[in-house]
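Enquirer: Any chance you could fold what I've pasted below:
(one chain, ligands or ions: 1)
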Amino acid sequence: MKYYLGLDVGGTNLVAGVVDENYHIISKEHLVTNASRSIDEITSDMADVSRKAVDSAGLALSDISSWGIGMPSCVNPKTNLLVHSNNFGWKNVPVYDYLAKYLSLPTYIANDANCAVYGEVLAGVAKDYTDAVMLTLGTGVGGGIVIDKKIYSGYDTMGAELGHTKLVYNGVRCTCGQKGCLESYCSSTALIRQTKEAVETTPGSLIMELCGGDKNKIDGEVVFTAAKQGDKLAKELVDDYIAHLAAGISTFITIFRPQVIILGGGIAHAGDFLLKPLNEKLYESTFAAEIIGIPPVVRAELGNDAGLIGAAFLEKTMPPPTP
Ligand SMILES: [Zn+2]
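Expert: Numbers count the residues shown, from 1 in each chain. Predicted coordinates:
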């Protein structure tokens, strides 16, 4: 049996796990990220939590094939520099050198959204497919592309930022500084912003009732719950949200023609109430859908484990690390 060590680095938690060759997670350990600390402290904890996962699996480091890390960042495989990480405020950090001080294993690092789609294709909802596109609809919009069972992330792995593709020319300002990104319309943050604006101009909605009259309690779930119960304003907001999401996804279908589209993140919990109209809208709005068809849009099934499993198996999708 071969074993792989995965680490999912989030803004809040570091989660490490040992995964066997059948994609079963056999141990899992957590540490709080505390993202404002120094690079030395954080990389030391990344190694510690990973070593702990190996211990609790009853294994030694010599049993582990490689260490794969998913991070909210881009690492250039040619220079081995972590070019940019929003959560940590790191720029051009020699991250492999830092990690090697604390844990010596062949190490692979990829963007966390790419690890999530890879995990779903290896072991989750898309395991019967080779080509998939995934969007994670949370505070932001993460995206990943798998082609022929390998992560596709563009030249120097700087691409696949699907959440920051342009949806509206000169549109709403995005967290990345650009205007009109998919994320500015399809994140849960965007849905909450739109809802807060709408309840100002249209009082008497069930949305406010569900929030006990407190606008600050509005979240994506409340909007979908109110829409399910037939609230007119909530339905309009959900329809508009789905129309924007369909426009974004139809672009990815037209470029990549994946076999399946996977949706993760909090908003995907709306289930069929989201997926059914989304699939219909996509059929209407995608190039040559009546001839080629459209790939099904499905809900991710591994949750946070997708990123961990995808990270653990990075050695199968990335070139060997530069010594
Ligand atoms: Zn953006």
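Enquirer: Correct me if wrong: Thr202 contacts Leu233.
Expert: Yes. Applying C-beta atoms under 8 Å, one finds Thr202 in contact with Leu233, separated by 5.1 Å. No exception for glycine: its C-beta is placed from N, CA and C like everyone else's.
Enquirer: Could you check which of those two has the larger neighbour count?
Expert: Legend: neighbour count by other C-beta atoms under 10 Å for Thr202 and Leu233, higher for Leu233 (21 against 14).
Enquirer: How confident is the prediction for the more buried one, by pLDDT?
Expert: In this model, Leu233 is scored at 97, pLDDT.
Enquirer: can you pull the contacts of it?
Expert: 198-199, 202, 205-207, 226 (C-beta atoms under 8 Å, 6 or more residues apart in numbering).
Enquirer: cool, Asp272 as well?
Expert: Contacts of Asp272 by C-beta under 8 Å, 6+ apart: none found.
Enquirer: Now with 10 Å, please.
Expert: 278-279, 299 (C-beta atoms under 10 Å, 6 or more residues apart in numbering).
Enquirer: which one of the residues you listed sits closest to the ion?
Expert: Within these, the smallest distance to the ion is 21.4 Å, found for Leu278 (C-beta to the ion).
Enquirer: overlap in contacts of Thr202 and Leu233?
Expert: What both Thr202 and Leu233 touch, as defined by C-beta under 10 Å, 6+ apart, is the set Met208.
Enquirer: Out of the contacts of Leu233, which end up buried?
Expert: Applying 16 or more other C-beta atoms under 10 Å to the contacts of Leu233, the neighbour count classes 198-199, 205-207, 226 as buried.
Enquirer: Kindly reformat those as CSV containing secondary structure and pLDDT.
Expert: Converted to CSV, those look like this (DSSP: H, G, I helix; E, B strand; the rest coil; pLDDT from 0 to 100):
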residue, secondary structure, pLDDT
Ala198, helix, 96
Val199, helix, 95
Ser205, coil, 94
Leu206, helix, 96
Ile207, helix, 96
Ala226, helix, 97
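Enquirer: and Glu315, which of the three is it?
Expert: Of the three states, Glu315 takes helix under DSSP: H, G, I helix; E, B strand; the rest coil.
Enquirer: tell me how far stretch 82-102 is from the chain's mean position?
Expert: The gap between where stretch 82-102 is centred and where its chain is centred comes out at 20 Å by C-alpha atoms, centre = their mean, to the nearest Å.
Enquirer: coming back round to it: who wins for most neighbours among the contacts of Asp272?
Expert: Leu278 (21 neighbours).
Enquirer: Using PDB, write out every CA atom in the helix or strand harbouring it.
Expert: Secondary structure from DSSP states H and E places Leu278 in helix 272-285. The C-alpha coordinates for helix 272-285 follow below in PDB (Å, rounded to 0.1, in the frame of the first residue of the first chain):
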ATOM      1  CA  ASP A 272     -31.900  21.000  -6.700                       C
ATOM      2  CA  PHE A 273     -33.500  24.400  -6.000                       C
ATOM      3  CA  LEU A 274     -30.300  25.900  -7.500                       C
ATOM      4  CA  LEU A 275     -29.200  23.100  -9.800                       C
ATOM      5  CA  LYS A 276     -32.400  22.400 -11.700                       C
ATOM      6  CA  PRO A 277     -33.000  26.000 -13.000                       C
ATOM      7  CA  LEU A 278     -29.300  26.400 -13.500                       C
ATOM      8  CA  ASN A 279     -29.100  23.400 -15.800                       C
ATOM      9  CA  GLU A 280     -32.100  24.700 -17.700                       C
ATOM     10  CA  LYS A 281     -30.700  28.200 -18.000                       C
ATOM     11  CA  LEU A 282     -27.400  26.800 -19.200                       C
ATOM     12  CA  TYR A 283     -29.100  24.800 -21.900                       C
ATOM     13  CA  GLU A 284     -30.800  28.100 -23.100                       C
ATOM     14  CA  SER A 285     -27.700  30.200 -22.900                       C
END
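Enquirer: Start at 7, not 1
Expert: Understood, numbering begins at 7; the last thing we discussed is helix 278-291.
Enquirer: By neighbour count, which bits of that helix are buried? Give me those.
Expert: Quick answer for helix 278-291 (16+ other C-beta under 10 Å): 280-281, 284-285, 287-288, 291.
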